[in-house]
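1. give me the fold of what follows.
(2 chains)
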2 protein chains.
Amino acid sequence: MKIIEGSITAPEGFKAGAVCSGVKKKGKRDIAIIYSEVKCQAAGVFTTNKVRAACVDITRKHLEDGQAQAIVVNSGNANACTGERGVKDTLEMAGLTAKLLGISPEDVLVASTGVIGVFMPMDKIRDGIKRAYEKLSREGGHEAALAILTTDLVTKEIAVEIEIDGQPVKIGAIAKGSGMIHPQMATMLAFITTDAAITAECLREVIRSSADISYNMISVDRDTSTNDMALIMANGLAGNRIIDDPASPAFKRFKEAVDFVNISLAKMIARDGEGATRLIEVKVVNAPDEKTARLIARSIVSSNLTKAAVFGKDANWGRILAAAGYSGADFDPYKVDVYLGEEKMAENGMGLVFDEDKARQELEKDPVIIKVDLKAGDFSATAWGCDLSYEYVRINAEYRT
Amino acid sequence: MKIIEGSITAPEGFKAGAVCSGVKKKGKRDIAIIYSEVKCQAAGVFTTNKVRAACVDITRKHLEDGQAQAIVVNSGNANACTGERGVKDTLEMAGLTAKLLGISPEDVLVASTGVIGVFMPMDKIRDGIKRAYEKLSREGGHEAALAILTTDLVTKEIAVEIEIDGQPVKIGAIAKGSGMIHPQMATMLAFITTDAAITAECLREVIRSSADISYNMISVDRDTSTNDMALIMANGLAGNRIIDDPASPAFKRFKEAVDFVNISLAKMIARDGEGATRLIEVKVVNAPDEKTARLIARSIVSSNLTKAAVFGKDANWGRILAAAGYSGADFDPYKVDVYLGEEKMAENGMGLVFDEDKARQELEKDPVIIKVDLKAGDFSATAWGCDLSYEYVRINAEYRT
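-> Numbers count the residues shown, from 1 in each chain, chains lettered A, B, ... in the order given. Here you go, the predicted structure:
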């Protein structure tokens, strides 16, 4: 596998276009279309929030047949908590995009992110969709990556190439999300494109299991949102033999590459968490089962006290252990070792005399690596998050645009 | 019921003494003994954290017979994650206190709060216990309230009087806790004394159900701790007919008074949350069942985004609804109304045009009252928390003392 130039439009046959429609202030790009020249197999995973935007339900419905050909996405307005009018506006976004592209509205997936509870300014959106359509090109990936941002500081983009059946297969992706990030799809969007030939069923398995070890293992503030989704579209133009068996080596290779893409984007999202100064990586090793490892890793990376301690470069392993303790996982606290980078801070649940300077050096690194060894089995899990800073408070105490 | 002067020593027969042992810096009181002249019926509730300090397990054991006569408590050091030596030190604290008082070590309850993973400086503790014993007096309640504080800014104390069988019955209490506050006993201590005559069994029922609607309904930062407990001791000196039936009017009256005491302390704790500028009260009404109401109230009051919005006086009802949505409770988002104080912000899950000035005025009040009406039944629940400020980050990014 190699990392290649480009992002969402790196795979064969994909185009993207993005413009400023005026939904976001300051002339920022806020609407994008991602389009495949040929119809794709497609799948997605969605927020678990009971309060969902219309686009979540409609996109899920459009994916029922496992096919899609375009995504239309806007930032600046989530079109959530907008009732029947929200549904109508989402359907209009799909319909208008489909009409321009000459495809069926059911083959258009819709995503929105931004402020909740405000009606979509459809005049701007209609105009924006038309202009985004006109800008569709093989070079539009980066512009699309810009158009989906909200409080993000940087774009999240990646593309890789692998070989299947002697054919080069490309996977490209963009993502956004920096506040409201928490396991189970927080305010987070990820769009993955590939020219692999693969069945919708296999694609569903890939995105589900890959999201579980990437987007579902990051936390910025434990607030999950109304709009989140990760979508994957595969158009088959790479010409490999169709991947239709989850037990096949081709499936495994493809899945590994998608995992790499998603974990890379998940880490970019965590690192760009609102107000973050450093990425935190929490590894739980030697757990009796995967669930235990995941619960503990996520609990630690979500702990406000641990996050504030990292911001303050305070080697407070007690908060790490306490966060493990309230994770809901069953484990023996008298067997746990805690490491900060290379430095062992606690052994068998008890503090060690450690080198304060070295511990502080570990806390100045980016990422800060926390390892918790349960010494109780062979399973492990990794979660990512960021420190909690003054800036997080400032960003979220002000009106959003 | 009337509120009376004093706190933990207001009920007949209770004394307290507190001194500076030197565990906490800056000459602050850090060790206290609370003592009843006669043996008490006693009960407690404890942290659910897997990682527990020795004092939690030992105090729970000492309560197995439903009896106790004294509490010894220190702040500045939690004696958690300190292994066998922590157990030995906790037992020594109980033993020394018992010897001084001429009672059995099993009748002494031990509580500690403060930094995790540091061995107890037993020289200071031994000396402190002796001096606290010498200071035991009927006037010592406030000093004990001071001695249990950590990052708290103010003491939490209350006392009330009710009448049972024509006899005045007093209940007094102190509490601490300002960071690591979350449902299920966060870093929080509460000690309740009463001169009521009541069985240990009835006392267990009172403290369990009362903690559920008070301490288990507050959240400062979702970090639950290793050391928390709420203890209640009843010495019977009021001379009422012993309360031994949970269905009796006397039990009900006593329970109501204890609820008032615990809810008052819980609100004081939330209001004094680390960095808090205002108390937040979240009422969920017309829920189909109590669990649904509790889950949603706790989820909203725990949401970093909602807390930061209150700090910034941003009438962001969308974050409130989103927090309800990820609470895990089952409800119809299209039926929910959201109020900020008197102002209705959203109806049937959709935003209303509201008066921005009035909404801002509601957000400047203390407490800020958030009401969520599910319009789906007769159950309700209330949770308390505080806003999320720069100061919270500052406090928790610095080394603790």
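2. could you dump stretch A:53-61 to CSV, C-alpha only?
-> C-alpha atoms of stretch A:53-61 as CSV (Å, rounded to 0.1, in the frame of the first residue of the first chain):
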residue,chain,number,x,y,z
ALA,A,53,-31.4,15.4,10.8
ALA,A,54,-33.5,14.5,7.8
CYS,A,55,-30.4,13.8,5.7
VAL,A,56,-29.5,10.9,7.9
ASP,A,57,-32.8,9.1,7.4
ILE,A,58,-33.0,10.0,3.7
THR,A,59,-29.4,8.9,2.9
ARG,A,60,-29.9,5.7,4.8
LYS,A,61,-33.0,5.1,2.7
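3. which of the three states applies to the closest residue to residue A:108 other than its chain neighbours?
-> Spatial nearest neighbour of residue A:108, chain neighbours left out: residue A:94 (4.2 Å); criterion: Cβ to Cβ, 6 or more residues apart in numbering or on different chains. Glycine gets a C-beta too; all of them are placed from N, C-alpha and C. Three-state secondary structure (criterion: DSSP: H, G, I helix; E, B strand; the rest coil) places residue A:94 in helix.
4. what sits against residue A:94?
-> Counting by Cβ atoms under 8 Å, 6 or more residues apart in numbering or on different chains, residue A:94 touches A:58, A:62, A:72, A:105, A:108-110.
5. from those residues, list just the buried residues.
-> By neighbour count, with 16 or more other Cβ atoms under 10 Å in any protein chain shown, the contacts of residue A:94 hold A:58, A:62, A:72, A:105, A:108-110 as buried.
6. closest one of those residues to chain B?
-> Chain B lies nearest to residue A:58 out of those, by Cβ to the nearest Cβ, at 15.7 Å.
7. quick one: the closest one and residue A:89 touch, right?
-> No: counting by Cβ atoms under 8 Å, residue A:89 is not a contact partner of residue A:58; they are 10.4 Å apart.
8. show me the shaky parts of the stretch 201-350 of chain A.
-> A:220-224 (pLDDT under 70).
9. if we use 90, what do you get?
-> A:212, A:215-228, A:269-278, A:299, A:302-319, A:321-323, A:325-328, A:333-334, A:342, A:349-350 (pLDDT under 90).
10. so which helix or strand takes in the residue nearest to residue A:107 when sequence neighbours are not counted?
-> In space, and not counting its chain neighbours, residue A:107 is closest to residue A:69: 4.3 Å by Cβ to Cβ, 6+ apart. According to DSSP states H and E, residue A:69 maps onto strand A:67-77.
11. picking that back up, read off the pLDDT value for the residue nearest to residue A:107.
-> If you check residue A:69, the pLDDT there is 98.
12. which residues are in contact with it?
-> A:35-36, A:38-40, A:101, A:103, A:107-108, A:233.
13. tell me which of those residues fall in strands.
-> A:35-36, A:38-40, A:108, A:233 (DSSP state E).
14. next, format the residues you listed as a markdown table and append distance to residue B:257.
-> Formatted as a markdown table, the ones in strands among the contacts of residue A:69 follow (distance: Cβ to Cβ, whole Å):
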| residue | distance to residue B:257 |
| --- | --- |
| A:35 | 68 |
| A:36 | 69 |
| A:38 | 74 |
| A:39 | 70 |
| A:40 | 67 |
| A:108 | 63 |
| A:233 | 64 |
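15. quick one, longest helix in chain A?
-> helix A:249-271 (DSSP state H).
16. could you identify the helix or strand that succeeds that helix?
-> strand A:279-287.
17. so after that next one, what's the next helix or strand?
-> With DSSP H and E, the next secondary element past strand A:279-287 is helix A:290-302.
18. which strands or helices does that next one pack on?
-> strand A:218-219, strand A:279-287, helix A:317-325, strand A:368-373, strand A:379-386 (3 or more Cβ pairs under 8 Å, 6 or more residues apart in numbering or on different chains; DSSP states H and E).
19. send the alpha carbons of that helix over as CSV?
-> Extracted in CSV, the C-alpha atoms of helix A:290-302 (Å, rounded to 0.1, in the frame of the first residue of the first chain):
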residue,chain,number,x,y,z
GLU,A,290,-12.0,-6.7,22.8
LYS,A,291,-15.0,-5.1,24.5
THR,A,292,-13.1,-4.5,27.7
ALA,A,293,-10.2,-3.0,25.8
ARG,A,294,-12.5,-0.7,23.8
LEU,A,295,-14.5,0.5,26.8
ILE,A,296,-11.4,1.4,28.8
ALA,A,297,-9.5,3.1,25.9
ARG,A,298,-12.6,5.2,25.1
SER,A,299,-13.2,6.1,28.8
ILE,A,300,-9.7,7.3,29.3
VAL,A,301,-9.6,9.3,26.1
SER,A,302,-12.9,10.9,27.0
